[in-house]
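[1] Mind looking at a prediction? Sequence and model below.
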Amino acid sequence: MPSAPVVVAVAPGSPAARAGVLVGDEIVSVAGEVPRDVIEWRWLVDDADVELEVRRGGVERTVAVAKRAGEPLGAEVSSAVFDRVRTCDNHCAFCFIHQLPPGMRHSLYLKDDDYRLSFLYGNFTTLTRFTEADFERVLLEGLSPLHVSIHATDPEVRSQLLRNRRGGPSLRWLKALLDAGITVRGQIVVCPGVNDGTVLDDTLCGILDEYPTLDALAVVPLGVSRYNHEPEMRPHTASEALAVVELVESWQATYLRLLDRRLVHAADEYYLLARRPFPPAEHYEGFSMHEDGIGMARTFERELLGQAESPTGTQSGFFAWVDGAPASGYRAPRTGSVDPARPTARLAADGAAMVRLRPRRDAPVAVLTGTYGAAVLRPLLDAIGRDDVRVLAVENTFFGGNTGVTGLLTGTDLARVLAREPDGHRYLLPDVCLSEGRFLDGTTPDDLPRPVEIVPTDGVALREALR
C-alpha cells in the first residue's frame, strides 16, 4: 500500500542532522513534491537547500535543510518504493514464490515485476507491465542496468512460459531499451523438457539476431522445492545439465567470434550438476552477473587464495529487497546485520538468560554452508592446506527438492545440524542467509543450539576469519 517513507537513520553532523531531522519522521513531501520511490527521493534531495515536509507525532512541520547541491542529505529512509509495488501478473509454473511453504512472513509471498526494483536490487522483471511512461523515465533518469527475465525469445513460447499473453509482445521493450543504450542483463531459467534443448538453442540464436547488445546473459537451472505443485517442473538430471553446459559453451564460441565477447554464461550449479570444472576466471568477462550465481565459485577461489584484495560484487541474499536490504539498493551495505563480535544469549528452560561466549580463536573451526557451497569449498580448503577446517554441508529439508544454495538455509536446518556438533568449536556462518538478523523461517542466530560467527559471504572474509 502507498505509504510515506520514514527516516530510519540520520548521519551525525550531516545537513539533515543540523536541520533537526529525526529518526521516525515521515517524509510527506520534498520541495513540495511527493516522491514515488527512493530514486525520485535521491533526485529531489540532491538539490541545494532542500525543504522537507515531515510528519512527527501526527503533526506536520516544515524542515529547511541547508546544503550544497550534490551534498548528501544524511538521512536514510525505510523503503525503496513509497507508492504501490508493481506486482507480477504472470503465472509462471517455475516461479519459486509459488513453491514457498505456508506460514512464512507475508512479505516473502509478494511477487514483484517492478523495473525500479530491477534497477535498485537486481530483481528480474519480465517487462509485461512495462509502459511508455516507464520507458521515458528510464531514459530520462538513466536507470541502468536493468535486469530482464527472457526465458525464450520465441514470442509464443515465452507467452506460454509466463502464462501471460503479453509475454511475447513485451520483448519489444527489451529491444527498445537496448537501442536506447540502456545496459540490460538477461536471465533464462531453464526448465527441463520445456525450454531446454532446441528451444534453448533457438533462444540463444534469437539473442544474437535481435538483442546482440545485451550486456550479459545468465542461464540458470530450475529450482524445485518440495512444495512444488506443477508436475512438469522437475530438477535437471546430470546428463541434462551437461547438455546445457555444452550448448552454452558452443554459443559462447559463436558470440566470441561474431561479437568479440562470450555474452552468455551457465550458472555454477550447472557445472556442479554436470561434474565439469568451472571455466577460467577470464571467461566470465568481469563477473557482471556474479550476484546471479555466475562465476561465484571462481571469484570465491580468487578471494580465498589471496588473488583478490576485495570481494567481487555483493551477495544480498534471497528476498533481500523486501526484508532487510537498504532502500538505496542491493549494492549498498546491508543494515541490521548481526555483530559477530558480541556474545549471544538465549533463554534457558526456566526463562533465565544464558549468555554464550564465543569460543576461543584457536578452537577447532567448522564452516556451515549449503550443499552446493560445500562442493566448492572443500577442494579450496584442501588447496590451501587447511585440513583442520571442517565443512558442514547443511541439507535444506525446510524447502526440500533440489534446494542447495546457501542463501536459502534456514535456522531450522542449521539447528538440526548444530545440535549434533560439539560445543566449544567455532562455527562460521555466511551472512547471505540472514536478512535483518533473521533467517527465512523467522528464527535468528540466537535460536541456534551453538553460538555462530556471522561472516560476510566472500573468500576475503573467510580467509580473514580463518587467519
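    Arrived safely. Keep in mind that this is a model prediction, so the values were computed, not measured.
[2] Please count neighbours and contacts with C-alpha atoms only from this point.
    Noted.
[3] Any idea how many residues pack against residue 198?
    By other CA atoms under 10 Å, the residues close to residue 198 number 12.
[4] where's it relative to residue 163, distance?
    With distances taken as CA to CA, to the nearest Å, residue 198 is found 20 Å from residue 163.
[5] ok, now residue 466?
    48 Å.
[6] With residue 93 instead?
    Applying CA to CA, the value for residue 93 to residue 163 is 8 Å.
[7] Neighbour count: those two, which is higher?
    Neighbour totals were compared for residue 93 and residue 163, and residue 93 leads with 19 against 15 (other CA under 10 Å).
[8] Touching, that one and residue 164? I think so.
    No. Look at residue 93 against residue 164 with CA atoms under 8 Å: they stay out of range, at 11.4 Å.
[9] can you map out the strands along the stretch 201-350 of the chain?
    Along the stretch 201-350 of the chain, the segments classed as strands by DSSP state E, counting those that start in this stretch run 216-221, 264-266, 344-347.
[10] average pLDDT across the last one?
    The predicted model gives strand 344-347 an average pLDDT of 42.
[11] Equivalent analysis for the first one, please.
    Average pLDDT, strand 216-221: 98.
[12] which strands and helices sit next to that strand?
    Packing partners of strand 216-221 (3 or more CA pairs under 8 Å, 6 or more residues apart in numbering; DSSP states H and E): strand 184-190, strand 264-266, helix 268-274.
[13] Pick the most buried one from those.
    Counting by mean count of other CA atoms under 10 Å, strand 264-266 has the highest mean neighbour count of those, with a mean of 26.
[14] For that one, name the packing helices and strands.
    strand 216-221, helix 238-259.
[15] Domains of the protein: list them as residue ranges, please.
    7-77, 97-294, 344-466 (automatic domain parsing).
[16] Make TSV out of those domains and add distance to residue 87.
    Conversion of the domains of the chain to TSV gives the following (distance: least, CA to CA, whole Å):
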stretch	distance to residue 87
domain 7-77	15
domain 97-294	4
domain 344-466	21
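[17] Quick one: closest of these to residue 300.
    domain 344-466 (4.8 Å; CA to CA).
[18] Show me which residues of stretch 393-403 are buried.
    By 16 or more other CA atoms under 10 Å, the buried positions in stretch 393-403 come out as 393, 394, 395, 396, 397, 398, 399, 401, 402, 403.
[19] for stretch 286-306, that is, sorry about that
    Here stretch 286-306 shows 287-305 as buried, counting by 16+ other CA under 10 Å.
[20] Nearest residue to residue 424 in space, ignoring adjacent ones along the chain?
    Excluding the flanking residues, the one nearest residue 424 by CA to CA, 6 or more residues apart in numbering is residue 359, at 5.3 Å.
[21] contacting residues around the one you found?
    424, 425, 426 (CA atoms under 8 Å, 6 or more residues apart in numbering).
[22] Most neighbours out of those residues, which is it?
    Counting by other CA under 10 Å, top hit in the contacts of residue 359: residue 426 with 23 neighbours.
[23] Hmm, it is touching residue 455, no?
    No. Using CA under 8 Å, residue 426 makes no contact with residue 455, being 11.7 Å away.
[24] where does this structure have low pLDDT?
    Scanning the chain for pLDDT under 70 picks out 1-2, 313-358.
[25] Turn the helices and strands packed on strand 264-266 into JSON lines, including mean neighbour count and distance to residue 75.
    Listed next are those as JSON lines, based on neighbours: other CA atoms under 10 Å; distance: least, CA to CA, whole Å:
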{"stretch": "strand 216-221", "mean neighbour count": "23", "distance to residue 75": "34"}
{"stretch": "helix 238-259", "mean neighbour count": "17", "distance to residue 75": "44"}
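[26] For residue 270, find the nearest of the ones you listed.
    Proximity to residue 270 (CA to CA) singles out helix 238-259 among these, at 5.5 Å.
[27] what distance separates the closest one from the middle of the whole chain?
    25 Å (CA atoms, centre = their mean, to the nearest Å).
[28] Equivalent analysis for stretch 419-438, please.
    20 Å.
[29] repeat for stretch 43-57
    For stretch 43-57, the distance to the chain centre is 30 Å (CA atoms, centre = their mean).
[30] Stretch 194-213 now?
    With CA atoms, centre = their mean, you get 25 Å for stretch 194-213.
[31] Just the buried positions in it, please.
    For stretch 194-213, burial by neighbour count (16+ other CA under 10 Å) applies to 195-197, 199-205, 207-208, 211-213.
[32] Please flag which of the residues you listed sit within helices.
    Of the buried residues of stretch 194-213, the ones assigned to helices by DSSP state H are 197, 199, 200, 201, 202, 203, 204, 205, 207, 208.
[33] and which of those is nearest residue 13?
    residue 207 (50.4 Å).
[34] Pretty sure residue 17 sits in a strand.
    No. Counting by DSSP: H, G, I helix; E, B strand; the rest coil, residue 17 is not found in a strand; it is helix.
[35] mind listing what's buried in stretch 360-372?
    365, 366, 367, 368, 369, 370, 371, 372.
[36] In strands, which of those residues appear?
    365, 366, 367, 368, 369, 370 (DSSP state E).
[37] returning to that earlier point: could you confirm the residue nearest to residue 424 falls within a strand?
    No. Per three-state DSSP, residue 359 lies outside any strand segment and is coil.
[38] still on that earlier bit, for residue 85, find the nearest of the domains of the chain.
    domain 97-294 (6.7 Å).
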